[in-house]
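J.: Sequence unavailable; structure follows:
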């Protein structure tokens, strides 16, 4: 069964010019994903693996130096799949915020630092809601904040007057104001303390439960994925190397890279030393042949160096791209 978002063979590369020569950074390299409806879906991986670029492509925000080389990003809208990457500017504007919204890294990038929050909210609503005046629109914003357990008086504050955690919650509230079906969240808990992180994650849970929509959560923090996501994908060097139900991935990680990520998590009562992933991530300017993890993999074989394995079913929903996890006949 198809999900609410279908990504097919997506390739989005950064094309840069340096000293008269073009360089291509293969940030998202042949990614295929099916994101289910009505859940929080996680995308995990080290910094620099292409997670944020993938999220930009999901939002159909591909601007130079980022270029689309191949693939589709299709959304299920009123029973039909629409490829967001083929829409014109007007069609994208109609799709964004009403059907799909985006929470970028860092809440200060969302708000104008010299304007009160209510001005940002009002500008946003005036751009997307027809037939209502300023007072009605502000009433709509206040009601939305109250529904989320946030004080409407916050709208009278400037961004710098709020804590980082509160700013992030207000940014999330803004992104969900028009009740979109898909919300893309890029590292929403970055630079927040543990208490603020917990409040942000709880707000996301509450919104998802209330709207029964889909969150796509990008974070390198595996603990957050274990805590909040239902399904997830593991990304490495621009490729998806494992997908499946979060609980199943944590209880039975199949890709050696996933095993390293999970084994590095601290556990209560576990006094054993933690091992990080050996080596360094490859350059996406010149990624290795075959499986991109093979230069760092302790179980590498000759086949791993020559050819990239496709995602192969371990169970009905759990898939892994690893030659070591293939059936003998494959």
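T.: Arrived safely. No experiment lies behind these values; they were computed from the predicted model shown.

J.: Tell me how many other residues crowd residue 215.
T.: Taking other CB atoms under 10 Å as the neighbour definition, residue 215 ends up with a count of 26. Yep, even glycine has a C-beta here, placed from its N, CA and C like the rest.

J.: An error on my part: the question was meant for residue 126.
T.: The local packing of residue 126 (other CB under 10 Å) involves 13 other residues.

J.: Report the contact partners of it.
T.: Contacts of residue 126 were listed using CB atoms under 8 Å, 6 or more residues apart in numbering, and they are 134, 137.

J.: Now it: which helix or strand?
T.: Per DSSP states H and E, residue 126 falls inside helix 117-128.

J.: what separates residue 258 from residue 10, distance-wise?
T.: The span separating residue 258 from residue 10 equals 21 Å under the rule CB to CB, to the nearest Å.

J.: List the first helix or strand encountered after the helix holding residue 126 toward the C-terminus.
T.: Tracing the chain past helix 117-128, the next element assigned as helix or strand by DSSP H and E is helix 134-147.

J.: Compute the inter-axis angle for the helix or strand just after that next one and helix 117-128.
T.: Toward the C-terminal end, the helix or strand that comes next after helix 134-147 (DSSP H and E) is helix 164-175. For the pair helix 164-175 and helix 117-128, the angle between their directions (axes from the mean of the first three to the mean of the last three CA atoms, to 10 degrees) equals 20 degrees.

J.: Mind checking what helix or strand follows helix 164-175 in sequence?
T.: As assigned by DSSP H and E, the chain's next helix or strand after helix 164-175 is strand 182-186.

J.: That following strand: how far from the chain's middle?
T.: Taking CA atoms, centre = their mean, to the nearest Å, the mean C-alpha location of strand 182-186 is offset from the chain mean by 6 Å.

J.: now swap in stretch 35-52 and tell me
T.: If you compare the mean C-alpha spot of stretch 35-52 with that of the full chain, they lie 4 Å apart, counting by CA atoms, centre = their mean.

J.: Stretch 261-268 now?
T.: Average the C-alpha atoms of stretch 261-268, do the same for its chain, and the two points are 22 Å apart (CA atoms, centre = their mean).

J.: can you list contacts of it?
T.: 44, 222, 223, 226, 234, 249, 250, 253, 274, 275, 276, 277.

J.: how close does residue 47 get to residue 124?
T.: Taking CB to CB as the criterion, residue 47 is separated from residue 124 by 30 Å.

J.: got it, and residue 268?
T.: Counting by CB to CB, the gap between residue 268 and residue 124 amounts to 43 Å.

J.: Give me the more crowded residue out of those two.
T.: Set side by side, residue 268 and residue 124 show more neighbours around residue 124, with 18 against 4, by other CB under 10 Å.

J.: burial measure for the closest residue to that one other than its chain neighbours, as a count.
T.: With CB to CB, 6 or more residues apart in numbering as the measure, residue 174 is the residue that lies nearest to residue 124, at 6.4 Å, once sequence neighbours are left out. By other CB under 10 Å, 23 other residues sit near residue 174.

J.: List the contacts of residue 174.
T.: When contacts are counted by CB under 8 Å, 6+ apart, residue 174 touches 110, 120, 121, 124.

J.: Give me the buried subset of the contacts of stretch 261-268.
T.: 44, 222, 226, 234, 249, 250, 253, 277 (16 or more other CB atoms under 10 Å).

J.: chain center to the helix or strand where the third one lies, what's the gap?
T.: Translated: residue 226. Under DSSP H and E, the secondary-structure element containing residue 226 is helix 222-228. Offset of helix 222-228 from its chain centre (CA atoms, centre = their mean): 13 Å.
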